[in-house]
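Student: Got a sequence here, can you build the structure:
(one chain, ligands or ions: 1)
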Amino acid sequence: MEKDDQKQNATPEGKDGLTRRQFLTYALGGTGAFMAASIGAPLLTFALAPLKSAGAANMVDTGHKASEFNGQEPKPITFKLHVNDGWNSKDVDKQAYVIQQGDKLLVMSPLCTHLGCLVSKADTQWSEGGKWYFHCPCHNSKFDKYGVQSPDSPATRPLDIYPYEVRNGQLFVSGQLQKRG
Ligand code: FES
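Tutor: Next comes the predicted model:
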């Protein structure tokens with residue numbers, strides 16, 4: 001009789017009191033959580049990457065005094081920007097041309113706004129008597145000394161500019177290029 005009672009009360013529990021159903025629930029739940037973390041972690045990293053790269057917006061010292069520049073002619077400068085690119089975090093050399101326009105400076109990127117080739121100072125063939133200061137060798141865009149394109153250029157907007165600040169007379173720039181026009 002006692003044996004029958006034990007048989008009737010028997011459940012599919014293991015020694016530790018875990019039923020098969022509970023075990024499967026925990027196992028599936030754990031596996032699901034692991035898979036969600038495996039997929040979610042890279043996605044979260046990707047989603048937060050812009051915040052991390054926003055650090056590139058910090059101002060960097062160009063090593064030049066604002067007083068070095070005038071409105072006569074753009075002056076080429078180089079400076080280092082710290083860039084977070086995927087898994088890489090490094091300093092890269094950047095170039096710019098700086099000229100004074102009114103009471104402001106223009107810190108212009110040397111990348112052509114057509115397809116991104118490097119512009120350089122126009123030689124006599126392209127300057128048209130000094131009218132155009134920059135020439136892009138790829139498809140012959142021309143820009144004046146303020147980086148404004150000629151009407152017949154494939155480039156349809158002026159050279160992009162770096163935002164800048166003058167701190168104690170020193171020129172600082174941000175790595176976030178801005179479009180004009
Ligand atoms: S890339 Fe400069 S004109 Fe095309």
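Student: For this protein, what lies in contact range of the ligand?
Tutor: 112, 114-117, 136, 138-139, 141, 154-155 (C-beta under 6 Å from any ligand atom). (Each C-beta comes from the backbone N, C-alpha and C, glycine too.)
Student: Pipe the residues you listed into CSV and attach secondary structure, neighbour count and pLDDT per row.
Tutor: Below are those laid out as CSV (DSSP: H, G, I helix; E, B strand; the rest coil; neighbours: other C-beta atoms under 10 Å; pLDDT from 0 to 100):
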residue, secondary structure, neighbour count, pLDDT
Cys112, coil, 24, 98
His114, coil, 18, 98
Leu115, coil, 12, 98
Gly116, coil, 10, 97
Cys117, coil, 15, 98
Cys136, coil, 27, 98
Cys138, coil, 15, 98
His139, coil, 12, 98
Ser141, coil, 25, 98
Pro154, coil, 14, 98
Ala155, coil, 24, 98
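Student: This protein: helices as residue ranges?
Tutor: Using DSSP state H, the helices of the chain run over 2-8, 20-53, 124-127.
Student: partners of the strand of greatest length in the chain in the sheet?
Tutor: Ranked by number of residues, the top strand in the chain under DSSP state E is strand 88-101. Paired neighbours of strand 88-101 in the sheet (DSSP bridges): strand 75-85 (antiparallel), strand 104-108 (antiparallel).
Student: tell me which residues in the last one are buried?
Tutor: I take that to be strand 104-108. 105-108 (16 or more other C-beta atoms under 10 Å).
Student: quick revisit: by mean pLDDT, show me the worst of the strands paired with strand 88-101.
Tutor: Comparing mean pLDDT over the strands paired with strand 88-101, the weakest stretch is strand 75-85, at a mean of 90.
Student: now that strand, how far from the chain's geometric center?
Tutor: Strand 75-85 has its C-alpha centroid displaced from the chain centroid by 13 Å (C-alpha atoms, centre = their mean, to the nearest Å).
Student: buried sites along that strand?
Tutor: For strand 75-85, the neighbour count (16+ other C-beta under 10 Å) marks 77, 79, 81 as buried.
Student: The residue nearest to Glu165 when sequence neighbours are not counted - how many residues pack around it?
Tutor: Counting by C-beta to C-beta, 6 or more residues apart in numbering, Phe172 is the residue found nearest to Glu165 once chain neighbours are left out, at 4.7 Å. By the measure other C-beta atoms under 10 Å, the count of residues near Phe172 is 20.
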